[in-house]
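In: the following comprises the amino acid sequence and a computationally predicted model.
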Amino acid sequence: MNCILRYLFLMCFALFSMDALTSPSSQDAHRLVAEKIDDLLTAIQTSKSEKVLNGEQKIALVDAQLGDVVDFKRIARRVMAKHFKQATNEQKQRFMMVFKSSLLNTYAKGLWEFNNYKVNVLPLKEGKQTERNTQVSIEVVTSSGQVFPVTQSLFYDKKNNQWMVQNVIINGINMGLLFREQFSRLVAQNNGNIDLAIVGWRSEVSNDTTSASQNDDESEDE
């Protein structure tokens, strides 16, 4: 998977993780996203200018931002899809932890390597915006001027009184579906062995982030 999609995917979560959204109004959700984007980008730049952090510290910093507001269990269940019912409770828990760890690790790397971009929040689209599905669109513009259109699908979590992201579409690519297809492929490649599919997931993400880091270094040298 193109690693820049993973970076953008996690960055979209971050836009909604700065504070809990305590109103079920779609307009309020849109307004707060717009207000918090500047805060997020400022926080990223500030973290880069402070003391050098090792990999574990970067992941811990990201987990502190996202851990309580991203429903990794819900997302991981959707990624496993039909294989969720086939998995044991131990496998479900293990994949959720591997999935969460892989995303946090990717995002931590992305914060320090994905530079010089800006985010534009677009006006809330007219149409049916509900507590079960409110769509907020943004544009992520890279330093080269490339524009990635992003649409987030949010639901209002009444239990925790906040909006939470349930899916993201980046440049026309449905990330939830992409993750689901990736896991399904790994299960098929391993002849239905979910344990090996989980190991494969961790390996693929590690390779993606390593390749992205090398590509970023090459770009800076040009």
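Out: Here it is on my side, so go on.
In: bridged to residue 150, which residues?
Out: With DSSP bridges as the criterion, residue 150 is bridged to residue 138, residue 170.
In: low-confidence ranges, the chain, go.
Out: Low-confidence segments of the chain (pLDDT under 70): 1-24, 28-44, 50-51, 53, 65-70, 107, 110-115, 206-222.
In: all strands for it, in order.
Out: Listed in chain order, the strands of the chain (DSSP state E) span 118-121, 134-141, 147-157, 162-170, 173-174.
In: let's have the ones you listed in TSV, adding distance to residue 194.
Out: To be clear about C-beta, it is placed using only N, CA and C from the backbone, and glycine gets the same treatment. Output for the strands of the chain, formatted as TSV (distance: least, C-beta to C-beta, whole Å):
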stretch	distance to residue 194
strand 118-121	37
strand 134-141	33
strand 147-157	27
strand 162-170	23
strand 173-174	23
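In: please identify the deepest-packed of the ones you listed.
Out: Among those, the stretch with the highest mean neighbour count (mean count of other C-beta atoms under 10 Å) is strand 162-170, at a mean of 21.
In: return the list of helices and strands in contact with it.
Out: Identification of packing neighbours for strand 162-170 by 3 or more C-beta pairs under 8 Å, 6 or more residues apart in numbering; DSSP states H and E yields helix 3-15, strand 147-157, helix 175-189.
In: what's the local residue count around residue 176?
Out: 18 (other C-beta atoms under 10 Å).
In: list the contacts of it.
Out: Residues near residue 176 by C-beta atoms under 8 Å, 6 or more residues apart in numbering: 75, 78, 79, 166, 167, 168.
In: need these in TSV (columns: distance to residue 197).
Out: Formatted as TSV, these follow (distance: C-beta to C-beta, whole Å):
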residue	distance to residue 197
75	17
78	15
79	11
166	23
167	22
168	23
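In: of these, closest to residue 49?
Out: Set against residue 49, the nearest of the contacts of residue 176 by C-beta to C-beta is residue 168 (28.5 Å).
In: am I right that that closest one is in contact with residue 175?
Out: Yes. Look at residue 168 against residue 175 with C-beta atoms under 8 Å: they come within range, at 4.7 Å.
In: list the buried residues for stretch 190-197?
Out: Residues of stretch 190-197 classed as buried: 194, 197 (neighbour count, 16 or more other C-beta atoms under 10 Å).
In: alpha carbons only: can I get it in CSV?
Out: Provided in CSV are the C-alpha atoms of stretch 190-197 (Å, rounded to 0.1, in the frame of the first residue of the first chain):
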residue,chain,number,x,y,z
ASN,A,190,-1.7,-18.2,4.3
ASN,A,191,-4.4,-20.8,3.5
GLY,A,192,-6.9,-19.4,6.0
ASN,A,193,-4.4,-19.2,8.9
ILE,A,194,-5.4,-16.1,10.8
ASP,A,195,-2.3,-16.2,13.0
LEU,A,196,0.0,-16.0,10.0
ALA,A,197,-2.1,-13.3,8.4
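In: how about residues contacting that stretch?
Out: Identification of contacts with stretch 190-197 by C-beta under 8 Å, 6+ apart yields 83, 86, 87, 91, 95, 183, 186, 187, 189, 200.
In: what residues sit buried inside stretch 124-131?
Out: For stretch 124-131, by 16+ other C-beta under 10 Å, it's 124, 129.
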